[in-house]
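J.: Fold the following, please.
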Amino acid sequence: MDDGTLIANSLARMLRIKGYDVSISPGPVAAIKLCKNMSFYLIITDQRMPVIYGSELATVAKHLQPATKIILISGSSERMCDIDTMMAVDDYVQKPRDNGQILEVINEIFKKPFTAIG
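T.: Predicted structure coming up:
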């Protein structure tokens, strides 16, 4: 879930082509509502968002859905080092990033080659 519409749409398009069912949230509050109503295998969030940081979203999402994998995208050179974030986030991607880099991280998280469905 990324607050940048163009970035989110680009990433969603790539993931759909690869066979994923994708939901996009317009922001962190809506993302939390989605997490309360739907199950997710994976959440991708940007660190910089309005209202709350992506690391805070990750903590709430992990509390709601402990088995969900979470990737945090950040432009900061420092990883989020508070214990709640470290427990909630499964991997980090540094900006600038490309969609291929995201796929590599997804493959690593799920420990299997990525193949399209269908």
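
J.: Which parts of this protein are strands?
T.: For the chain, the strands defined by DSSP state E occupy 42-46, 69-74, 91-94.

J.: shaky segments in this protein?
T.: 1-4, 77-84, 112-118 (pLDDT under 70).

J.: List the buried residues in stretch 98-112.
T.: By 16 or more other C-beta atoms under 10 Å, the buried positions in stretch 98-112 come out as 102, 105-106. Heads up, the C-betas are built off the backbone N, CA and C, glycines and all.

J.: ok, of those residues, which one's closest to residue 42?
T.: residue 106 (6.7 Å; C-beta to C-beta).

J.: Look up how far residue 10 lies from that closest one.
T.: Separation of residue 106 from residue 10 (C-beta to C-beta, to the nearest Å) stands at 15 Å.

J.: Any idea how many residues pack against the closest residue to residue 9 other than its chain neighbours?
T.: Among residues not flanking residue 9 along the chain, residue 24 sits closest, at 7.1 Å (C-beta to C-beta, 6 or more residues apart in numbering). By the measure other C-beta atoms under 10 Å, the count of residues near residue 24 is 14.

J.: does the residue sitting nearest the centre point of the chain have beta-bridge partners, and which?
T.: The residue lying closest to the centre of the chain (C-alpha atoms, centre = their mean) is residue 44, at 0.8 Å. Here residue 44 shows beta-bridge partners residue 71, assigned using DSSP bridges.

J.: Now that it has come up, it's in contact with residue 69, right?
T.: No - at 9.4 Å, residue 44 does not count as touching residue 69 under the criterion of C-beta atoms under 8 Å.

J.: thinking residue 58 is in contact with residue 73, fair?
T.: No - counting by C-beta under 8 Å, residue 73 is not a contact partner of residue 58; they are 11.0 Å apart.

J.: Now for these two: what residues contact both?
T.: Jointly contacting residue 58 and residue 73 under the rule C-beta atoms under 8 Å, 6 or more residues apart in numbering are residue 45.

J.: Now residue 76. Nearest residue, chain neighbours left out?
T.: residue 47 (6.6 Å).

J.: Next, the contact list for the residue lying closest to residue 64 once chain neighbours are set aside, please.
T.: Nearest residue to residue 64 in three dimensions, chain neighbours excluded: residue 35, at 4.7 Å (C-beta to C-beta, 6+ apart). Going by C-beta under 8 Å, 6+ apart, residue 35 touches 43, 60-61, 64-65, 68.
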